[in-house]
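Participant: Sequence first, predicted model second:
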Amino acid sequence: MYEFTEDQLKALDPVLLACGSTDPQVSYNATLKIAKALELPLRKGVLSGDILGDIFQPIPLRDNSTAEFPLDFLRPGTEGDYVAYTIPNHGYIPQRMIEGDYVNVPIYDIGNAIDWLLKYAQNARWDVVSAALRVYRQSFVKKMNDDGWHVILGAAYDRGIVVADSDANSGQFTKRLVSLGKLVMRRNGGGNSTSSNRGRMTDLAVSPEGMEDIRNWNVDQVDEITRRQIFLSEDDNALNRIFGVNLRDLDELGEGQEYQEFFENELGATLPAGDVEVAIGLDLSNRDAFVMPVRELPSVYPDEALHRQRRAGVYGWASLGFAVLDGRRVLALSF
């Protein structure tokens, strides 16, 4: 997340003092400068995503354009309808009429505002104002994280597949579960062994508790050399890849955590008997499923109406949407 440097703070001190001016026009102009200083790092920080990472692909839209995404005429399960035939001596080549469809992704607005007392600006209290601006930025990040992951969890639920390691203890994350996830993603992705765009699990989002299970794997799970590497590694780098699958540990996943609660309570999903946590497998190899159409980037404006209340502040909004165009790119696992 973006933070002001010491040099930037010194340069903005006169601006902050002017923000606390009793002259409304001077205060407004100064607040406008603060808003613009915030706007660039906000755009940079939000679009990269905090835990969305590189999952969703931003798609810029014009003001009046709709977020329509064409679908391939060759849908899952219809591959057998488009095959070649042996032509008899008295026969003709069959006709194949094709037509495509499209998905319209709804675009919605999100907005927020925050303000502070003028006396903080008059006294150049950057600690207070900077904290307010930081909260403002993080509110957009949090909202976009939740909306994006709710779409992913919904796609995993709609697919109707939950992969589990029946040999593992309740709540135990195993390397066999990763192997089973790779197999199920492949078997249910269509195509054959040489298909260029067939599904494969490239990433796996798992709870911190699942990552802790990796640190406690015994010799029946991994060899001694691997165990030593895990033992000597730092907290954020215990084991980033298993069988070529990138591990993403999310605090929001885990028993009783908000994304697991959303998966079970809001979506109504059930885990196999004995399992207590859900993990989400993703296929990011083709970059053709996770889209984020953006009509308007997060913006920041000074709130001139607050001066009468001896306050200053900023507000802003964004227009965007999230969609998973191909449910085969998402897979739920449990342990």
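Facilitator: Nice, I can see it. Residues are numbered from 1 along each chain as shown.
Participant: mind checking the SS state of the residue nearest the centre of the chain?
Facilitator: What sits nearest the mean C-alpha location of the chain, by C-alpha atoms, centre = their mean, is Leu52, with 2.3 Å. In three-state terms, and counting by DSSP: H, G, I helix; E, B strand; the rest coil, Leu52 is coil.
Participant: ditto for Tyr315
Facilitator: strand.
Participant: Please give me every residue in contact with it.
Facilitator: For Tyr315, the contacting residues are Gly111, Asn112, Ala113, Ile114, Val300, Tyr301, Asp303, by C-beta atoms under 8 Å, 6 or more residues apart in numbering. The C-beta positions use only the backbone N, C-alpha and C, and glycine is treated the same way.
Participant: so what's the backbone phi/psi at the second one?
Facilitator: Right, Asn112. phi -160, psi 170 (degrees, to the nearest 10).
Participant: Can you say which helix or strand has the closest residue to it other than its chain neighbours in it?
Facilitator: Nearest non-adjacent residue to Asn112, counting by C-beta to C-beta, 6 or more residues apart in numbering: Ser139, 4.7 Å away. Taking DSSP states H and E as the criterion, the element that holds Ser139 is helix 126-159.
Participant: For that helix, which residues meet the burial criterion?
Facilitator: Buried residues in helix 126-159, counted by 16 or more other C-beta atoms under 10 Å: 126, 129-130, 132-134, 136-141, 143-157, 159.
Participant: Touching the helix or strand following it from outside, list them.
Facilitator: Next along the chain after helix 126-159, taking DSSP H and E as the criterion, comes strand 162-164. Applying C-beta under 8 Å, 6+ apart, the set of residues contacting strand 162-164 from outside is 177, 180-181, 184, 269, 271-272, 275, 278, 281, 331-335.
Participant: Out of the residues you listed, which end up buried?
Facilitator: For the contacts of strand 162-164, buried by 16+ other C-beta under 10 Å: 177, 180-181, 184, 269, 271, 275, 278, 281, 331-335.
Participant: The residues you listed: which two are farthest apart?
Facilitator: Leu180 and Ala269 (18.2 Å; C-beta to C-beta).
Participant: quick revisit: from Leu331, how far off is the residue nearest to Asn112?
Facilitator: 31 Å (C-beta to C-beta, to the nearest Å).
Participant: Val314 too?
Facilitator: 41 Å.
Participant: Please apply the same query to Asp147.
Facilitator: Asp147 is 21 Å from Leu331, by C-beta to C-beta.
Participant: swap in Arg159?
Facilitator: From Arg159 to Leu331 the distance is 7 Å (C-beta to C-beta).
Participant: do Ile242 as well
Facilitator: 15 Å.
Participant: and if you look at Gly181?
Facilitator: 6 Å.
Participant: so what sits against both of these two?
Facilitator: Val163, Met201, Gly281.
Participant: Make a markdown table out of these and add pLDDT and distance to Ala318.
Facilitator: Converted to a markdown table, these look like this (pLDDT from 0 to 100; distance: C-beta to C-beta, whole Å):
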| residue | pLDDT | distance to Ala318 |
| --- | --- | --- |
| Val163 | 95 | 35 |
| Met201 | 93 | 31 |
| Gly281 | 96 | 29 |
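Participant: List just the nearest of the residues you listed to Phe56.
Facilitator: Gly281 (16.2 Å).
Participant: contacting residues around the helix or strand that closest one falls within?
Facilitator: Using DSSP H and E, Gly281 sits in strand 278-282. The contact list for strand 278-282 (C-beta under 8 Å, 6+ apart) reads 55, 152-153, 156, 162-163, 173, 177, 181, 185, 201-207, 210, 245, 253, 260, 263-264, 269, 271, 290, 329-335.
Participant: ok, and the closest non-adjacent residue to Asp63?
Facilitator: Setting aside the residues directly before and after it, Asp63 is nearest to Arg295 in space (C-beta to C-beta, 6+ apart), at 6.8 Å.
Participant: give the contact list for that neighbour.
Facilitator: Per C-beta under 8 Å, 6+ apart, neighbours of Arg295: Leu61, Arg62, Asp63, Ser65, Ala67, Ile107, Ser319, Leu320.
Participant: The nearest residue to Gly189 once chain neighbours are set aside: neighbour count?
Facilitator: Distances taken as C-beta to C-beta, 6+ apart put Gly199 closest to Gly189, at 2.4 Å, once the chain neighbours are dropped. If you count neighbours by other C-beta atoms under 10 Å, Gly199 ends up with 25.
Participant: so how far is Ala323 from Gly199?
Facilitator: From Gly199 to Ala323 the distance is 18 Å (C-beta to C-beta).
Participant: swap in Leu271?
Facilitator: Distance from Leu271 to Ala323, by C-beta to C-beta: 26 Å.
Participant: Apart from its chain neighbours, what residue comes closest to Val245?
Facilitator: Leu204 (5.2 Å).
Participant: Can you list the strands that the strand or helix carrying the one you found pairs with?
Facilitator: Following DSSP H and E, one finds Leu204 within strand 203-206. Partners of strand 203-206 in the sheet, by DSSP bridges, are strand 245-249 (parallel), strand 278-282 (antiparallel).
Participant: Just send those strands back as TSV, with distance to Pro14 too.
Facilitator: Listed next are the strands paired with strand 203-206 as TSV, based on distance: least, C-beta to C-beta, whole Å:
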stretch	distance to Pro14
strand 245-249	43
strand 278-282	48
